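Colleague: Return a 3D structure for these sequence lines:
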Amino acid sequence: MIREVKEYGRARDVEIRLGGARLWDAFEDPEVYYFTFMSLPDDRRRITGLKNTRKRIYQLWVLKLLCDAFKVSKFKEHLFEGRAYWWIEQGSGFSTCIAETPFGDLTFWLEFQPSRTAHVMSMFSGKRVPIRPDIVVVKGHFEGTSNFIRSGKPIDLIVECKEDPFDKWEKEIRSQILPYLEKFKPNNFIIASLERVPDIVKRDLERRGIKVIDDLKPGSKSIGALFSTIESLRL
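Modeller: Residues are numbered from 1 along each chain as shown. Just a heads-up that it's a prediction; the model follows:
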């Protein structure tokens, strides 16, 4: 997945800028990442760190697929010395990238957060409050999250990425995915799952307006299914 993202960046002359030292190490030099990962003091922290890095890499790869599916012709804004870049930082006030497509300009966010302070909601509610969808896509040109919120425009697409087996995230359907659907009211919602999802679950989610693309991994037929789904969207 990392190789494909890097190849995409080189082909489109876009730089991938990653927040977080360990994610950067994993992306740039797996051997360096291995030593920094193993330097963590206990197994629990190592496992947590590895899972977080794995999740972020899968998100990044799915974002690359979406850019292909939307037929991005070039990236604009977020320029440094004349070169476009993707800004990848959890909870950032910046959008990840802005692109020209046949659908018009599209703005993409990786781990979209409606405001810098949205995460503190959990502190006052006493329970986990889902506030950060994995990938958000909207029509238009928005350099920052606040610009989009002020516009009052709807979210055109949410893509929630699941890299674990289904039984590891099944409970998140009610605790995270359905709350995202209710809170953000996107025009379209896709779950991108690395592993297979039971057909009965997919049918139930599709009745709720959530499309599931499972077994989505490099070289799989599901990549074509994702592209077909994107082509059928009404943006």
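
Colleague: tally of neighbours for the nearest residue to residue 69 once chain neighbours are set aside?
Modeller: Of all residues not flanking residue 69 in the chain, residue 230 sits nearest, at 3.9 Å (CB to CB, 6 or more residues apart in numbering). Glycine gets a C-beta too; all of them are placed from N, C-alpha and C. The tally of other residues near residue 230 (other CB atoms under 10 Å) stands at 22.

Colleague: and residue 230, helix, strand or coil?
Modeller: Using DSSP: H, G, I helix; E, B strand; the rest coil, the structure places residue 230 in helix.

Colleague: Please give me every residue in contact with it.
Modeller: Neighbouring residues of residue 230 by CB atoms under 8 Å, 6 or more residues apart in numbering: 66, 69-70.

Colleague: hang on, residue 58 packs against residue 217?
Modeller: No: Residue 58 lies out of contact with residue 217 (CB atoms under 8 Å); the separation is 9.0 Å.

Colleague: what about the two, which has more around it?
Modeller: Comparing residue 58 with residue 217 by other CB under 10 Å, the one with more neighbours is residue 58, at 21 against 15.

Colleague: Spit out the residues that contact residue 58 and residue 217 alike.
Modeller: With CB under 8 Å, 6+ apart as the test, residue 58 and residue 217 both reach residue 194.

Colleague: Now do the same for the residue nearest to residue 69: its pLDDT.
Modeller: On the pLDDT scale, residue 230 is placed at 96.

Colleague: Roughly how far does it sit from residue 164?
Modeller: 24 Å (CB to CB, to the nearest Å).

Colleague: And the strands in the chain?
Modeller: 14-18, 74-76, 79-80, 83-88, 97-101, 104-110, 135-139, 157-162, 189-193, 210-213 (DSSP state E).

Colleague: which residues sit in contact with the residue lying closest to residue 103 once chain neighbours are set aside?
Modeller: Once flanking residues are discounted, residue 103 sits nearest to residue 235: 4.9 Å by CB to CB, 6+ apart. By CB under 8 Å, 6+ apart, the contact set of residue 235 is 103-104, 106, 139, 156-157, 187.

Colleague: How about residue 80?
Modeller: Per CB under 8 Å, 6+ apart, neighbours of residue 80: residue 15.

Colleague: next one: residue 85
Modeller: So residue 85 contacts 14-17, 78-79, 97 (CB under 8 Å, 6+ apart).

Colleague: ok now stretch 177-194, how far from the chain's centre?
Modeller: Its chain's C-alpha centre and that of stretch 177-194 lie 12 Å apart, by CA atoms, centre = their mean, to the nearest Å.

Colleague: Ends of that stretch, what's the gap?
Modeller: This stretch, stretch 177-194, spans 16 Å end to end (CA to CA, to the nearest Å).

Colleague: which residues of this protein fall in helices?
Modeller: 2-12, 21-28, 30-38, 43-69, 121-125, 145-151, 166-169, 172, 178-184, 199-207, 222-232 (DSSP state H).

Colleague: where does the chain have its least confident helix or strand?
Modeller: Using mean pLDDT, DSSP states H and E, helix 121-125 stands out as the lowest-scoring helix or strand of the chain, at a mean of 42.

Colleague: sorry, back to before: and of the contacts of residue 230, the nearest to residue 86?
Modeller: residue 66 (12.0 Å; CB to CB).

Colleague: Go ahead and confirm the closest one touches residue 136.
Modeller: No: applying CB under 8 Å, one finds residue 66 not in contact with residue 136, separated by 10.6 Å.

Colleague: These two: who's more crowded?
Modeller: Applying other CB under 10 Å to residue 66 and residue 136 shows that residue 136 carries more neighbours, namely 26 against 22.

Colleague: In contact with the more buried one: list those residues for me.
Modeller: Going by CB under 8 Å, 6+ apart, the list of residues near residue 136 reads 108-109, 112, 155, 157-158, 184, 186.
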